[in-house]
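Colleague: pasting the structure only:
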């Protein structure tokens, strides 16, 4: 019995070691393990650029082991995997994990801004300190930078130009778009991204508020949906980069300084990468889908304010000061717009 008990303890110890932060330091070299749930996706551009820059700026002292394609877990599993140290760095979604980042997710509320860079700058400042930052700390994570800030727009089988048109649709939506539709009493279909092409082709859904134009073109939605509400950004999808906090604490101060500077630089560089791709993919998507201009944006904005208040009320029920976080984010948007 003692022998079995010892074997059990050894097994537990090995399992614990397997999920410890993977930071290694051999002969002055630091290896940091990165994982993304996406494969060769535009959503990885900022993270790849960030890693390239850190390797360059540290003269090779830091080297990233890069794992793509979700082999270590789906996007929804990223926060917990980073928390326990299955890998050191990764991109997470506060939109797909609102229970873990309830306050941080304020950045995905609908129609908060029309400028993605302003939005990203404001979100970076919000997530770097205060109540929002404490959510990352609670998850044993060091917040790094916003990652890719993707435009979310509507595509559909039939043209959607009015609220009446919108109410006729079976819409796949998430984040702030989903919350606004619910406020309007419009059913939302929470179909996983990987299942959406098939669902759209079979008309299980007749419209999708998705990453457009970048992801929409990359994943072939221009060949599935006939119409695109070009330029109507419902919200910006954040794909935040974070690091295991234990890993961060082990890094030497000179490396931390390089990372912090690179984090700041990636606000502009990450948006520039996405803006270039938006221009390229947007032109290609416009050749596949017809442009349908939404004509009643003012009515959506009227519902927006109620949606924001619903978010505040939900946070208050959780014992969190949602109004303070919303007010701070709105003030940061104003600050970075000027």
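Modeller: Cool, the structure landed. Remember, predicted model here, so these are calculated numbers, not experimental data. Numbering: from 1, shown residues only.
Colleague: Quick one: the helices in the stretch 201-338 of the chain, in order.
Modeller: 214-218, 245-250, 253-288, 297-317, 322-337 (DSSP state H, counting those that start in this stretch).
Colleague: Any chance of a markdown table for these, columns distance to residue 103 and mean neighbour count?
Modeller: Just so you know, the C-beta spots here come from the backbone N, C-alpha and C atoms, and that holds for glycine as well. Formatted as a markdown table, the helices of the stretch 201-338 of the chain follow (distance: least, Cβ to Cβ, whole Å; neighbours: other Cβ atoms under 10 Å):
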| stretch | distance to residue 103 | mean neighbour count |
| --- | --- | --- |
| helix 214-218 | 26 | 23 |
| helix 245-250 | 18 | 18 |
| helix 253-288 | 20 | 16 |
| helix 297-317 | 7 | 15 |
| helix 322-337 | 5 | 17 |
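Colleague: Including distance to residue 141 and mean pLDDT, could these go into JSON lines?
Modeller: Conversion of these to JSON lines gives the following (distance: least, Cβ to Cβ, whole Å; pLDDT from 0 to 100):
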{"stretch": "helix 214-218", "distance to residue 141": "25", "mean pLDDT": "93"}
{"stretch": "helix 245-250", "distance to residue 141": "6", "mean pLDDT": "98"}
{"stretch": "helix 253-288", "distance to residue 141": "14", "mean pLDDT": "96"}
{"stretch": "helix 297-317", "distance to residue 141": "20", "mean pLDDT": "96"}
{"stretch": "helix 322-337", "distance to residue 141": "18", "mean pLDDT": "97"}
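Colleague: and these as TSV, adding distance to residue 146?
Modeller: Output for these, formatted as TSV (distance: least, Cβ to Cβ, whole Å):
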stretch	distance to residue 146
helix 214-218	16
helix 245-250	17
helix 253-288	7
helix 297-317	20
helix 322-337	12
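Colleague: nearest to residue 41, of the ones you listed?
Modeller: Nearest to residue 41, of all the helices of the stretch 201-338 of the chain, is helix 214-218, at 7.1 Å by Cβ to Cβ.
Colleague: in stretch 81-88, what's buried?
Modeller: 81-83, 85-88 (16 or more other Cβ atoms under 10 Å).
Colleague: of the helices of the stretch 201-338 of the chain, which approaches residue 110 most closely?
Modeller: Closest approach to residue 110 among the helices of the stretch 201-338 of the chain is made by helix 297-317 (5.4 Å; Cβ to Cβ).
Colleague: what's the angle between the closest one and helix 322-337?
Modeller: Relative orientation of helix 297-317 versus helix 322-337 (axes from the mean of the first three to the mean of the last three Cα atoms, to 10 degrees): 130 degrees.
Colleague: Right, I'll call it a day here.
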